[in-house]
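In: Fold the stuff below for me.
(chains A, B and C)
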Amino acid sequence: MEALDFGKYNFYIWASYGLTLMVLLWNIIVPLLAKNKLIKDIKRRNYLNSDGSNDTNIINRKSK
Amino acid sequence: MKIVTNIIRLYHQFASPPYFYRISGLWLPYVMGLCGLLFAYGLYSGLFLAPTDYEQGEAYRIIFVHVPAAWMSMFIYMVMAATGVVALVWRLKLAEVVMISCAPIGASFTFLALATGSIWGKPMWNTWWVWDARLTSELLLLFLYFGVMALYNAIEDRRTAARAVAILALVGVVNIPVIHYSVEWWNTLHQGPTVTKFDKPSIHLSMLIPLLVMAVAFKLFFISSLFMRVRMELLKREKNSKWVRDLLELK
Amino acid sequence: MFNIWTQLLKRDLLIAFRRRSEIIHPLIFFTMVVSLFPLAIGDDKILLQKIAPAVIWVTALLATMLSLDNLFRSDFEDGSLEQMTLLQAPLSFLVTAKITAHWIITGLPLIFITPVLAMLLYLPTEIVSTLVLTLLVGTPTLSLIGAVAIALTVALRQGGVILSLLVLPLYIPVLIFATLALQNVEQGFSAEAQLAMMFAILLLAVTLSPFAIASALKVSLN
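Out: Next up is the predicted model:
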């Protein structure tokens, strides 16, 4: 693939474009992973109250 | 009168987290798709179609990532400052979330601009770094982004943190025109303005087009990444609200 | 309104004079750190002459940064800051009184002791006058910009570390112009342009920073 060979500037060009790719990937992967972790976390914490409801308001709860 | 009530309704609608979550979710695949296409075309035409430069040879092709990254670093800071103003004046939660989500993206692009510039500098001007006006002010921009992120993480209450960060972002806005005009005001090693001059840009069309395509691709990428971060942050902040519970189908 | 301003200035000066350590400590820090350089480098007159303006300016930056804590912390902790927001005069106007007091307490002594320290670093007397001039124009700017940063961080527990992260990037332009001015004078040219630029930065800081400081204080107070 001679088209991919830039002569003596090979290292510099590929280093730059490689860095760009890494930055772009970082900006996609980090939010994606964080969102998946968050959704898993919310679902894990979704425990139900003793009467089967999931309301977290324990102060004004009407007794059953 | 009806127009005013409609505008107010629209304003409330746009500022509501579930609305933003839904609309951004609808748009995101298209934005990312278009971004991918533009990147593909930009990379292809930049790396292969554009002719070899007379002075710099092949190394000039770094311009197609360095310049868009630098433009993004400044653009994202302005977006951050503008949403900061909205957050300060109107106290909109969505504006606060957008503002703080800009910071890591902007910091990464600033780092990319500095790093690719440094890599370009070695073969061309035989130096990895020089303390001229543009590089120094761009480095300062990186420090400002770090300061914003550090201050936000240091304050416990998220809303107070957003207000403090908005003030800090506004104080640092002074740096942006300094970066932009630094090559005109000072004698720098960095190249002078070639694209944003008001007369005809002094760069050839066959190089200008890939550059602009990459710039638009970077902007679309920023919007995609921003939407992803904002959606995640909205879910986190509103995790106890009804719309999130309905969304995640929790009973 | 001006009455309140003068009373606030007098109050801060009085408090500072009663707690002399507030004045003395930054000064001692300044002197000691500047003295560290000839001790570390050895008695190399030419080298010391070359780095003298930079050393004095960087140390002045650090000394100012360390003294910023005195600006708002004690008032924040005992509730006087909250009382100040309730006064009739606008907070942005009143903070200028506090900053003026801060400059008189920390900036002015720095400027007075600089000729002595310049002598320690073998700086020729012609340059010392420009050095003092740059400090005269620069230290109020440092106090003003620093006040924004300390206003943002005064309520934080780990505020000191974040303060340096916030304030040093904002100090860099002042440092650059000051040292450029001194380099010009060393080479025999005039430093008018850089001094004018520093004065412009000072004017910008004086007009805009009080509003930022007032907003930041209100954010920190709740």
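In: check which helix or strand covers the residue in chain C positioned nearest to chain B.
Out: The shortest separation between chain C and chain B is 3.8 Å, found at residue C:169 (distances taken as C-beta to the nearest C-beta). Backbone N, C-alpha and C define where each C-beta goes, glycine included. Residue C:169 is part of helix C:159-186, with elements assigned from DSSP states H and E.
In: now that helix: mean pLDDT?
Out: Helix C:159-186 shows a mean pLDDT of 92 in the predicted model.
In: Same question for stretch B:88-98.
Out: For stretch B:88-98, mean pLDDT rounds to 93.
In: got the CA positions of it in PDB?
Out: Provided in PDB are the C-alpha atoms of stretch B:88-98 (Å, rounded to 0.1, in the frame of the first residue of the first chain):
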ATOM      1  CA  LEU B  88     -26.300  31.600  36.000                       C
ATOM      2  CA  VAL B  89     -29.100  33.900  34.800                       C
ATOM      3  CA  TRP B  90     -32.000  31.500  34.300                       C
ATOM      4  CA  ARG B  91     -30.900  28.700  36.700                       C
ATOM      5  CA  LEU B  92     -31.800  26.000  34.100                       C
ATOM      6  CA  LYS B  93     -30.600  22.600  35.200                       C
ATOM      7  CA  LEU B  94     -30.200  21.500  31.600                       C
ATOM      8  CA  ALA B  95     -27.900  24.400  30.900                       C
ATOM      9  CA  GLU B  96     -25.800  23.400  34.000                       C
ATOM     10  CA  VAL B  97     -25.500  19.900  32.800                       C
ATOM     11  CA  VAL B  98     -24.600  20.900  29.200                       C
END
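In: Which residues does that stretch contact?
Out: Outside stretch B:88-98, the residues within contact range by C-beta atoms under 8 Å, 6 or more residues apart in numbering or on different chains are B:14-17, B:20, B:79, B:83-84, B:86-87, B:158-159, B:162-163, B:166-167, B:170, B:226, B:230, B:233-234, B:237, C:215.
In: Buried ones only from the residues you listed, please, as a PyMOL command.
Out: To isolate the buried ones among the contacts of stretch B:88-98 in PyMOL, judged by 16 or more other C-beta atoms under 10 Å in any protein chain shown, type:
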select buried, (chain B and resi 17+20+79+83+84+86+87+158+162+163+166+167+170+226+230+233+234+237) or (chain C and resi 215)
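In: hang on, the earlier thing: please spell out which residues along the helix holding residue C:169 are buried.
Out: By neighbour count, and taking 16+ other C-beta under 10 Å as the criterion, the buried residues in helix C:159-186 are C:159, C:162-186.
In: Which ones among these also lie next to chain A?
Out: Restricting the buried residues of helix C:159-186 to those touching chain A (C-beta under 8 Å from any C-beta of the partner chain) yields no residues.
In: Now do the SS call for residue C:190.
Out: Here residue C:190 is coil, with the state taken from DSSP: H, G, I helix; E, B strand; the rest coil.
In: ok, the closest residue in space to it that isn't next to it in sequence to residue C:129 distance?
Out: Sequence neighbours aside, residue C:184 is the residue nearest to residue C:190 in space, at 6.8 Å (criterion: C-beta to C-beta, 6 or more residues apart in numbering or on different chains). When C-beta to C-beta, to the nearest Å is the yardstick, residue C:184 and residue C:129 sit 14 Å from each other.
In: now swap in residue B:89 and tell me
Out: Residue B:89 sits at a distance of 46 Å from residue C:129 (criterion: C-beta to C-beta).
In: Residue C:8 now?
Out: According to C-beta to C-beta, residue C:8 and residue C:129 sit 33 Å apart.
In: And for residue B:74?
Out: 39 Å.
In: who has more neighbours, the two?
Out: It is residue B:74, of residue B:74 and residue C:129, that has more neighbours when counted by other C-beta atoms under 10 Å in any protein chain shown, with 20 against 12.
In: Could you count how many residues lie near residue 59?
Out: Picking chain A for this. 4.
In: not what I meant, chain C
Out: Applying other C-beta under 10 Å, we find 21 other residues in the vicinity of residue C:59.
In: Can you give the distance of the helix or strand hosting it from its chain's centre?
Out: Element membership for residue C:59, per DSSP H and E: helix C:45-67. On the basis of C-alpha atoms, centre = their mean, to the nearest Å, the separation between the geometric centre of helix C:45-67 and that of its chain is 13 Å.
In: Any part of the very next helix or strand once past it near chain B?
Out: Using DSSP H and E, the helix or strand that follows helix C:45-67 in sequence is helix C:69-78. No - against chain B, helix C:69-78 shows no contacts by C-beta under 8 Å from any C-beta, the least distance being 13.9 Å.
In: Give me the contacts around helix C:69-78.
Out: C:15-16, C:22, C:81, C:84, C:98-99, C:102, C:105-106, C:146-147, C:150-151, C:154-155, C:159-160, C:163, C:217, C:220-221.
In: Mind checking which of the residues you listed are in strands?
Out: Counted as lying in strands by DSSP state E, out of these, is not a single one.
In: Which members of these are classed as buried?
Out: Of all the contacts of helix C:69-78 considered here, the ones buried according to neighbour count by 16+ other C-beta under 10 Å are C:16, C:22, C:81, C:84, C:98-99, C:102, C:105-106, C:146-147, C:150-151, C:154-155, C:159, C:163, C:217, C:220-221.
In: Against chain B, which of the residues you listed make the cut? List them.
Out: Of the residues in the buried ones among the contacts of helix C:69-78, proximity to chain B by C-beta under 8 Å from any C-beta holds for C:155, C:159, C:220.
In: any idea how far the first one is from residue B:154?
Out: In this structure, residue C:155 and residue B:154 are 10 Å apart, going by C-beta to C-beta.
In: likewise the last one?
Out: Here the distance between residue C:220 and residue B:154 works out to 12 Å (C-beta to C-beta).
In: okay, and the common contacts of these two?
Out: By C-beta under 8 Å, 6+ apart, the residues touching both residue C:220 and residue B:154 are residue C:153.
In: who's in contact with the closest residue to residue C:127 other than its chain neighbours?
Out: Nearest-residue entry for residue C:127: residue C:185, 5.4 Å, with adjacent residues in sequence omitted and distances by C-beta to C-beta, 6+ apart. Shown here is residue C:185, whose contacts under the criterion C-beta under 8 Å, 6+ apart are C:126, C:127, C:130, C:191.
In: Verify the stated contact: residue B:39 with residue B:217.
Out: Yes - look at residue B:39 against residue B:217 with C-beta atoms under 8 Å: they come within range, at 4.5 Å.
In: Counting neighbours, what do you get for residue B:109?
Out: 30.
In: from the middle of its chain, how far away would the helix or strand where it lies be?
Out: The secondary structure element spanning residue B:109 is helix B:93-125 (assigned by DSSP H and E). Its chain's C-alpha centre and that of helix B:93-125 lie 7 Å apart, by C-alpha atoms, centre = their mean.
In: and the closest residue to residue C:90 other than its chain neighbours, what pLDDT?
Out: Sequence neighbours aside, residue C:214 is the residue nearest to residue C:90 in space, at 7.2 Å (criterion: C-beta to C-beta, 6+ apart). At residue C:214, the predicted lDDT confidence score is 95.
In: Counting neighbours, what do you get for residue C:214?
Out: 21.
In: surely it meets residue C:92?
Out: Yes - the criterion here is C-beta under 8 Å, and residue C:214 meets it with residue C:92 at 4.0 Å.
In: Now the nearest residue to residue C:128 once chain neighbours are set aside, what are its backbone angles?
Out: Spatial nearest neighbour of residue C:128, excluding adjacent residues (C-beta to C-beta, 6+ apart): residue C:118 at 4.6 Å. Residue C:118 adopts backbone torsions of phi -60, psi -30, taken as degrees, to the nearest 10.
In: same question, the one 3 residues further on
Out: When read as degrees, to the nearest 10, the backbone of residue C:121 gives phi -100, psi 20.
In: give the contact list for the nearest residue to it once chain neighbours are set aside.
Out: Beyond its immediate neighbours in the sequence, the residue positioned closest to residue C:121 (C-beta to C-beta, 6+ apart) is residue C:52, lying 3.8 Å away. Residue C:52 makes contact with C:118, C:121, C:122, C:123, C:127 under the criterion C-beta under 8 Å, 6+ apart.
In: That concludes my questions; thank you for your assistance.
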